[in-house]
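S.K.: Mind looking at a prediction? Sequence and model below.
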Amino acid sequence: TSFGFQQVKEEEKSKLVGNVFTNVASSYDIMNDVMSAGLHRLWKERLVGKLSPFAGMKHLDVAGGTGDVAFRIFDAVNSVKRRALRKVDEASLEETQIYVCDINPNMLNVGKQRAADRGLRDNKSLVWVEGDAEALSFDDNSMDGYTIAFGIRNVTHIEKALAEAYRVLKRGGRFLCLELSHVDIPVFKELYDLYSFQERFAKMIGDAGFEKVEYENLVGGLRNLAGVRRR
Ligand code: SAM
């Protein structure tokens, strides 16, 4: 990529990322709350708000980790208020599929446990899939939505991940990315440098074929990026 993190060799980066998430899986959600002072909840709500989930949708949350974004999408689809407003029928509700895709099985296992704790162990709308953002196992034109929250920075070849997002989305399907625009912790500087180039990232999304690419700044140096697949 054209971003400034080549200093970290690709192989080392994948290994580093893998190890980080294996070690933190069990405490990941608490860590998230502490490190963002709970703000990640607001950011994720905003992300889901932008997505406008609907009953019967096929959605893919990549780098989905412990399912934090997926649960929010699930809750939005199933919210009593939304169901009443949209006069949703139970059949289409049951057809909803939210795939949580992550490269790290430990993160997914924590997510599955969270689902069980919520009484959703056997719920067919939530599907946990081990997989790489750069080589997705899903069919072409199969998804209404694609989200990636705090995940694109971990991907080694961002272009490949974007091409895959484009491939699996249906025409008009939406790509949404939540990411840090900058981080001021020197130790992680190399890894996070790319976020000072967010406009270029927006351009990459456009180059992948998405249209109507837009981004918004959120409180705390966060950015929400959205692209709509070309019609
Ligand atoms: N999206 C979740 C959230 O916001 O709470 C988790 C974000 S966590 C910071 C990043 C996740 O990306 C980890 O669970 C990690 O295993 C996953 N990941 C890293 N590289 C990946 C790749 N190439 N494909 C899929 N997932 C990946």
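M.R.: Alright, I've got the coordinates. Numbers count the residues shown, from 1 in each chain.
S.K.: strands paired with the strand ranked longest in the chain, and their directions?
M.R.: For the chain, the strand reaching the highest residue count under DSSP state E is reported as strand 169-180. Each strand that pairs with strand 169-180, with its direction, by DSSP bridges: strand 143-149 (parallel), strand 222-229 (antiparallel).
S.K.: which stretch among those comes nearest the ligand?
M.R.: Counting by CB to the nearest ligand atom, the ligand lies closest to strand 143-149 out of those; the figure is 3.7 Å. In short, each C-beta sits where N, CA and C put it, glycine included.
S.K.: Give the rounded mean pLDDT of the closest one.
M.R.: Averaged across strand 143-149, pLDDT comes to 96.
S.K.: Could I get the CA-only coordinates of the longest strand of the chain as PDB?
M.R.: Once non-C-alpha atoms are left out, strand 169-180 reads as follows in PDB (Å, rounded to 0.1, in the frame of the first residue of the first chain):
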ATOM      1  CA  LEU A 169     -21.500  -6.800  -1.700                       C
ATOM      2  CA  LYS A 170     -24.600  -6.700  -3.800                       C
ATOM      3  CA  ARG A 171     -25.100  -3.700  -6.200                       C
ATOM      4  CA  GLY A 172     -26.000  -0.800  -4.000                       C
ATOM      5  CA  GLY A 173     -24.700  -2.600  -0.900                       C
ATOM      6  CA  ARG A 174     -23.000  -0.500   1.700                       C
ATOM      7  CA  PHE A 175     -19.400  -0.600   2.900                       C
ATOM      8  CA  LEU A 176     -18.800   1.100   6.300                       C
ATOM      9  CA  CYS A 177     -15.500   1.500   8.100                       C
ATOM     10  CA  LEU A 178     -14.900   2.800  11.600                       C
ATOM     11  CA  GLU A 179     -11.300   3.700  12.200                       C
ATOM     12  CA  LEU A 180      -8.900   5.900  14.200                       C
END
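S.K.: okay, the strands paired with strand 169-180, which one's buried deepest?
M.R.: Mean neighbour counts were taken over those using mean count of other CB atoms under 10 Å, and the top value, a mean of 25, falls to strand 143-149.
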